[in-house]
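In: sequence? don't have it. structure:
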């Protein structure tokens, strides 16, 4: 059995225009509110107020940057319909399932105001579940930065033990042929700096992705060159993983440009 319900709607409220590209996950949330008594607010007024009050939770907690609140212009089973879009289920489902505040704040306000919601997440038929590319490069960069820093910690402890009694300059001075301990201290400090830079770079790449700004094409070759130079100078370090990441970024950027 199939049921089709067609209505004309007007835009009652909005965060921003909903992206109509089919490669994403869309939400239609059907709301109804009861008029609790004579002289009370109309259901539409209640819904508009609660929507404005709870919309901030979704923008700050659930990665939402678009939404339009649709108000039926003729008799309907629902008072308003909220319409929005995320790039993938990963952007919304974990927040709905794991954040306790959605129950006490969002759903709590719905219950307190006599609002019933029927949310439906869907994909456009024929999209084959294809979603916009995830910021894989950014997360891989952060992961390598964490591994690089953690793997360097033992050497950093030894380096601190060497530098501590001598002071920063005396411990790593290159005025005379440095002992092996001094070279190890320099390598450890340099590796930690590289790990921190990877963490920062990964965060910036993710921010660029969420702002819908394409990753600069020079990032991949820069990672590849840095990894190769560092790997040649310090073979038993994580620079080879940086080179591999740079190669992957370079190839993926070229493939994406060819498709575009």
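Out: Ah, there it is. On a predicted model such as this, the values are computed, not experimentally measured, just so you know.
In: where does the stretch 151-260 of the chain dip in pLDDT?
Out: Within the stretch 151-260 of the chain, the segments meeting pLDDT under 70 span 155-188, 211-215, 234-238, 253-260.
In: Please repeat the previous calculation with a cut-off of 80.
Out: 151-195, 205, 207-218, 230-242, 245-246, 248-260 (pLDDT under 80).
In: So which residues of it form helices?
Out: Counting by DSSP state H, counting those that start in this stretch, the segments of the stretch 151-260 of the chain that form helices are 180-210, 219-233, 239-259.
In: I'd assumed residue 63 was in contact with residue 91.
Out: Yes - counting by Cβ atoms under 8 Å, residue 91 does reach residue 63; the two are 4.8 Å apart. (Glycine included, C-beta is placed from N, CA and C.)
In: before we move on, the earlier item: make a markdown table out of the helices of the stretch 151-260 of the chain and add distance to residue 31 and mean neighbour count.
Out: Shown next, in a markdown table, are the helices of the stretch 151-260 of the chain (distance: least, Cβ to Cβ, whole Å; neighbours: other Cβ atoms under 10 Å):
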| stretch | distance to residue 31 | mean neighbour count |
| --- | --- | --- |
| helix 180-210 | 28 | 17 |
| helix 219-233 | 44 | 17 |
| helix 239-259 | 39 | 16 |
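In: With distance to residue 23 added, can I get those in JSON lines?
Out: Compiled in JSON lines, these are given as follows (distance: least, Cβ to Cβ, whole Å):
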{"stretch": "helix 180-210", "distance to residue 23": "15"}
{"stretch": "helix 219-233", "distance to residue 23": "24"}
{"stretch": "helix 239-259", "distance to residue 23": "13"}
